[in-house]
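K.L.:
Show me how the following folds:
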Amino acid sequence: MRAVTDASTGRFVRYARWESELDALRERWRSARPFAHAVLDGFFDDAALAALAREFDAGAEGWIENRHYSQRLRSRGGARLGPDARAVVAELDSPRARALVEAVTGESGLFVDVEMLDGGLSAMGRGDYFDLHTDMRAHARRRRWERRVNLIVYLSEGWRDAWGGDLELWTADGSRCAARVAPRHNRAVLFEVGPGALHGVPEPLACPVSASRRNLVLYYFREAGREVPITHFRYRARPGETVRAPLVWANNAALRVYQSARRRLGVTDEGVSRALRWARGERGP
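P.N.:
Okay, here's the model as predicted:
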């Protein structure tokens, strides 16, 4: 059984605003193309923004490198999250927050993996990217949990459009980008998880080395009532990327093996990151 968080303090999410706009948000969700999503500008109150900024400014300790052929970014989740970020995550799992997400999406029985085995804080710097992909729907450890909705909140104050970093939403057949979401500070985007929800940040960022595209990402699950098959991020090359396509395919094959090891053997991203740093001759946590 999963422990239920009850931390609906109202310190972080601007509930009054979003609850008053539910009809409009539902319509955005239903009518959105190429798949269901809704953008909410000004999602958090100032207290949450300050709390999460402290996490990003805390230094390098606790961050892991997520680097393979289809992805380059840094992340911080799980037990490595500090108390400020954990307080925000707890509220996003509160009854009031879950009710808000359910009212917008039409889902029911949603909850957050508050252990944040996946998800958490992430940062992308100059040259970083995240290939087009569809998300894994299975939890890495909890075999009956099914991911239904993603929530991303952007936390990059002063980000400029010229630096790129838009979240691109593509048609299911991968033929074209049908919508973009710029990573504006305190902008949240909810979107469905499914085999047709193809998205990513495929163009390398052009920001200065001193800047980073920051966000909080977490996933809303539900009890499926059955074992959810192991899945993984399914990356896809863009049209015209004929040289990259076979390498993206090979990367997907390797990730299938890794996701199976996560569930069956308890392999973790943190452990892999430590091993890679050790292989490069780096020491430390």
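
K.L.:
lowest average confidence, helix or strand, in the chain?
P.N.:
The weakest-scoring helix or strand in the chain, judged by mean pLDDT, DSSP states H and E, is helix 269-279 (a mean of 47).

K.L.:
Just give the number of residues close to residue 197.
P.N.:
19 (other Cβ atoms under 10 Å). Glycine gets a C-beta too; all of them are placed from N, C-alpha and C.

K.L.:
Oh, that last question was meant for residue 35, not what I typed.
P.N.:
Applying other Cβ under 10 Å, we find 20 residues neighbouring residue 35.

K.L.:
With residue 49 instead?
P.N.:
Neighbour number of residue 49 under other Cβ under 10 Å is 18.

K.L.:
okay, it: pLDDT?
P.N.:
Looking at residue 49, its pLDDT reads 93.

K.L.:
pLDDT weak spots in this structure?
P.N.:
1-10, 58-60, 258-285 (pLDDT under 70).

K.L.:
Residue 48 sits in which helix or strand?
P.N.:
Following DSSP states H and E, one finds residue 48 within helix 46-56.

K.L.:
I'd guessed residue 153 sits against residue 42; true?
P.N.:
No. Contact status for residue 153 versus residue 42: not in contact, 10.6 Å apart, counting by Cβ atoms under 8 Å.

K.L.:
Who has more neighbours out of these two?
P.N.:
Neighbour count, other Cβ under 10 Å: between residue 153 and residue 42, residue 153 has more, with 24 against 13.

K.L.:
Run through the neighbouring helices and strands of the helix or strand where that one lies.
P.N.:
Using DSSP H and E, residue 153 maps to strand 145-154. The helices and strands touching strand 145-154, judged by 3 or more Cβ pairs under 8 Å, 6 or more residues apart in numbering; DSSP states H and E, are helix 95-105, strand 187-192, strand 213-223.

K.L.:
Phi first, then psi, for the closest residue to residue 128 other than its chain neighbours.
P.N.:
Spatially, and ignoring its direct neighbours in sequence, residue 128 is nearest to residue 72 (4.3 Å; Cβ to Cβ, 6 or more residues apart in numbering). Main-chain torsions, residue 72, degrees, to the nearest 10: phi -140, psi 110.

K.L.:
Any idea what residue 72 is bridged to?
P.N.:
On the basis of DSSP bridges, residue 72 is bridged to residue 67, residue 129.

K.L.:
so it sits right up against residue 124, yeah?
P.N.:
Yes. Counting by Cβ under 8 Å, residue 72 sits close enough to residue 124 to count as a contact (7.3 Å).
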